[in-house]
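[1] Give me the fold of what follows.
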Amino acid sequence: RRWDVATQVLHKLVQRVGERLRAGGFTSSAVHLYVRFFGAPSCRLHIRTRPFCDSHSLWRHTHHIWKRIPRIHIPFMIAITACNLRGEHMIQLPLFAYDIKETNLYHALDSINIRYGQWTLKPASLIGADSFAPNRIPFGNRQL
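    Reported below is the predicted structural model:
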């Protein structure tokens, strides 16, 4: 359990949460990060954001929280939660086209991964992280 490996696990979790947000047609406007340590109290941090559904925005917000966690103890478990969910059609359209392009890009990546297999396209930072954070089926739902 090293911090560099924990960062890769976090990045993989962020990608999975982003996929699930988009697959469900949701946006999130808050992120909650939970880290459990070996032999030390756990750490819970929360941040409110403007609505997003793309993995890049989720990583930016999560990484902002991640940098605030003290690196004193050894991480044991990481959990990330997208909060304040709303339907993607219920948000106000962004003023700048960049936000729309980012969301459309991630929808296109998701459709390629659905057609050709999970993780066919993935961020370069996740290369070699296949053995970390195995996929689980949450609450008995089907896995994306």
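
[2] what about the strand or helix carrying residue 65, distance to the chain center?
    In the assignment (DSSP states H and E), residue 65 maps to helix 55-66. Per Cα atoms, centre = their mean, to the nearest Å, the displacement of helix 55-66 from the mean C-alpha position of its chain is 8 Å.

[3] List the buried residues in that helix.
    55, 57, 58, 59, 61, 62, 65, 66 (16 or more other Cβ atoms under 10 Å). No exception for glycine: its C-beta is placed from N, CA and C like everyone else's.

[4] residues near residue 51, how many?
    Around residue 51 there are 19 other residues, counting by other Cβ atoms under 10 Å.

[5] Walking through the protein, point out its strands one by one.
    Read by DSSP state E, the chain holds these strands, from start to end of the chain: 26-37, 40-52, 75-83, 86-87.

[6] For those strands, give me JSON lines that also has distance to residue 14 and mean pLDDT.
    Written out in JSON lines, the entries for the strands of the chain read as follows (distance: least, Cβ to Cβ, whole Å; pLDDT from 0 to 100):
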{"stretch": "strand 26-37", "distance to residue 14": "9", "mean pLDDT": "94"}
{"stretch": "strand 40-52", "distance to residue 14": "12", "mean pLDDT": "92"}
{"stretch": "strand 75-83", "distance to residue 14": "6", "mean pLDDT": "92"}
{"stretch": "strand 86-87", "distance to residue 14": "19", "mean pLDDT": "88"}
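
[7] quick one: the helix holding residue 65 to strand 40-52, angle?
    Using axes from the mean of the first three to the mean of the last three Cα atoms, to 10 degrees, the inter-axis angle of helix 55-66 relative to strand 40-52 is 140 degrees.

[8] What lies in contact with helix 55-66?
    Counting by Cβ atoms under 8 Å, 6 or more residues apart in numbering, helix 55-66 makes contact with 7, 10-11, 14-15, 17-19, 21, 28, 31, 33, 45-47, 49, 52, 80, 82, 102, 106, all of which sit outside it.
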